[in-house]
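1. sequence plus the predicted model coming up.
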Amino acid sequence: MAPPDVSEIECPPTIVYPRFYDMDDISDFNFASPNGEEKPTTNVASDTTQKYLINITEQPLKSGIKLLNSDLLDLYKRADEGALHFQETHRRIAIGAIILGFLAILFAIVQFCLLSLSFEMAIPIINMDFVEFFRIGEFFAIIFAAMAVIAGLYRSHQNRWLINRHIAERCRLLKFRSFLNNKFWNEAENKTWEENLRKDVADLFNIFHQELGSSPVKKFDTTRGNEIKHKSLPVNGGGNLIERWIKEDKIPASSVSSKCTYSHQAKTEFLDYYRKKRLIYQRDYYYCAYKRFKKTHIRTQKIPHMLFFASVCAVLAHFILDLVVKGPVGHVISITLIGVAVTLPFAGAVVRTHRETFQVARSSALYYAKYSALENLNNQLSMYENSVDENWKKILDTLWECENFLEAEHREWLILIHDAEWFL
């Protein structure tokens, strides 16, 4: 399936979803005012995202969403904020280690070239010899590169990013799987559904707090307009939890049922809610990630080869000029070309390391495959829009298949990151 046109799926900065769009449903239904009248709430979505807004008026979705917003949303926000914070720190450490390592090598090569040329000119402003300047630069680059590597190894051992992201994804899975439970759609068993849900939420809270330390992480919550503090530092790194979930936990068996005691409008509203909040939102995320990685892949894939070819050309030019040009000028050109020939492959290695660190080519292909899978499920659900009652069981089965896919995707991502080297 060919990628859709940009007009079909808009990516940032064209489209800006509300923060926590798939988990925060506060603005998706009307709250009763004190005098009993219904009043709409203000949604934080921009004009370009109005097509993703939902008006929730029917039970059981309305009460179920209120319960989840009161019991689960805070945990999700804390875990998601922690995951984003540690992921950004991981990214900065990785990029810093790559750049500083390259600078250390570059400064060493420049020193070699200057010493070979017996270059003794001083830098006017600071009155320091050029060789000494690059020697000091090499020293600090090595020190900071080593610090970045140590910080990366430490943070990898602590698994802070993974444990917070895992809890956040568990919150998502719990929310949307709970809506597919047969007790949710049976009015007589709705209380049982609520009790089971509260128990599952409490279990997630317990897991979260068991993995926390005491250092707060302060982030800015754009949905409330103020700063929130949360504890997001695992005591034991979360390694046992993640390994246990990857190896032992199984994807739950389907609990959907064709029995439903609620109205046609309730079913139609839920189908629209799930498609927009879960399926289309996640599909759009995968597609935008695919475009982002694809752009980086196209821009960088040929750079290492070009730099290596340029290095070979510099060596060839050095060989020819060494035969033709004699004297001091020829010596300067010869040393300069040697320095260029040595530096360019290292520059190519920097680009290649960056691509491998962030898995640019692989991520582009994987995100597109995930997008395609969700797009197929979305197309399948669109065929049931006008016959919800007749195809209710098929709809729930398809939604359960979607949740299975998203859980398997999360498990695959955890395995990849958990088993990777720290710089991945």
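-> Sure thing, it's come through.
2. every contact and neighbour count from this point should use C-alpha atoms.
-> Noted.
3. residues near residue 252, how many?
-> The number of residues packed near residue 252 is 9, by other Cα atoms under 10 Å.
4. now swap in residue 183 and tell me
-> 22.
5. show me the contacts for it.
-> 189, 190, 192, 193 (Cα atoms under 8 Å, 6 or more residues apart in numbering).
6. rerun that using 10 Å as the cut-off
-> Contact analysis of residue 183 by Cα atoms under 10 Å, 6 or more residues apart in numbering lists 189, 190, 191, 192, 193, 194, 196, 255, 256, 257, 259, 260.
7. so the fourth one touches residue 184, yeah?
-> Yes - in this structure, residue 192 sits in contact with residue 184. The criterion is Cα atoms under 10 Å, and the distance is 8.6 Å.
8. who has more neighbours out of those two?
-> Ranked by neighbour count (other Cα under 10 Å), residue 192 and residue 184 place residue 184 first, with 23 against 13.
9. could you check how far the closest residue to the more buried one other than its chain neighbours is from residue 60?
-> Once flanking residues are discounted, residue 184 sits nearest to residue 190: 5.4 Å by Cα to Cα, 6 or more residues apart in numbering. Separation of residue 190 from residue 60 (Cα to Cα, to the nearest Å): 8 Å.
10. residue boundaries of the helices in the stretch 151-300 of the chain?
-> Along the stretch 151-300 of the chain, counting by DSSP state H, counting those that start in this stretch, helices occupy 160-178, 190-210, 239-247, 264-274, 281-300.
11. number of nearby residues for residue 72?
-> Neighbour tally, residue 72, other Cα under 10 Å: 25.
12. just to revisit the earlier point, write the PyMOL selection for whichever of the contacts of residue 183 are buried.
-> The PyMOL selection below is limited to those of the contacts of residue 183 classed as buried (16 or more other Cα atoms under 10 Å):
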select buried, resi 190+193+194+256+257+260
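13. re the thing from before, now do the contacts for the residue nearest to residue 184.
-> Here residue 190 is in contact with 60, 64, 182, 183, 184, 196 (Cα under 10 Å, 6+ apart).
14. mind putting the residues you listed in a markdown table, pLDDT and distance to residue 297 included?
-> As requested, these are exported to a markdown table (pLDDT from 0 to 100; distance: Cα to Cα, whole Å):
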| residue | pLDDT | distance to residue 297 |
| --- | --- | --- |
| 60 | 89 | 46 |
| 64 | 90 | 43 |
| 182 | 88 | 45 |
| 183 | 90 | 47 |
| 184 | 91 | 45 |
| 196 | 90 | 46 |
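15. in strands, which of the residues you listed fall?
-> Among the contacts of residue 190, none falls in strands (DSSP state E).
16. show me which of the residues you listed is closest to residue 409.
-> residue 182 (24.6 Å; Cα to Cα).
17. in the protein, where is pLDDT below threshold?
-> Within the chain, the ranges that satisfy pLDDT under 70 run 1-19, 26-52, 119-124, 126-127, 151-158, 212-240, 246, 248-249, 418-424.
18. and whichever helix in the chain runs longest, how far out from the chain's middle?
-> Counting residues, the longest helix found in the chain (DSSP state H) is helix 73-116. Taking Cα atoms, centre = their mean, to the nearest Å, one finds helix 73-116 lying 17 Å from the centre of the chain it belongs to.
19. same check on stretch 201-212?
-> With Cα atoms, centre = their mean, you get 22 Å for stretch 201-212.
20. with just CA atoms, put that stretch into PDB.
-> Presented in PDB, the C-alpha positions along stretch 201-212 are these (Å, rounded to 0.1, in the frame of the first residue of the first chain):
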ATOM      1  CA  VAL A 201      -5.600   0.300  38.200                       C
ATOM      2  CA  ALA A 202      -4.500  -0.200  41.800                       C
ATOM      3  CA  ASP A 203      -2.200  -3.000  40.700                       C
ATOM      4  CA  LEU A 204      -0.600  -0.600  38.200                       C
ATOM      5  CA  PHE A 205      -0.200   2.100  40.800                       C
ATOM      6  CA  ASN A 206       1.500  -0.500  43.100                       C
ATOM      7  CA  ILE A 207       3.900  -1.500  40.400                       C
ATOM      8  CA  PHE A 208       4.700   2.100  39.600                       C
ATOM      9  CA  HIS A 209       5.400   3.000  43.300                       C
ATOM     10  CA  GLN A 210       7.500  -0.100  43.900                       C
ATOM     11  CA  GLU A 211       9.800   1.000  41.100                       C
ATOM     12  CA  LEU A 212      10.200   4.600  42.300                       C
END
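21. right, and the pair among the contacts of residue 190 with maximum separation?
-> Most distant of the contacts of residue 190, by Cα to Cα, are 60 and 196, 15.5 Å apart.
22. list residues touching both of residue 190 and residue 60?
-> residue 184.
23. related to what we said a few turns ago, go through the contacts of residue 183 and say which is closest to residue 269.
-> Taking these together and measuring to residue 269 by Cα to Cα, the closest member is residue 260, at 13.9 Å.
24. backbone phi and psi for that closest one, please?
-> Main-chain torsions, residue 260, degrees, to the nearest 10: phi -150, psi 130.
25. spit out the contact partners of it.
-> Residue 260 neighbours (Cα under 10 Å, 6+ apart): 182, 183, 184, 185, 186, 187, 266, 267, 389, 392, 393.
26. please identify the buried residues of stretch 173-188?
-> 174-187.
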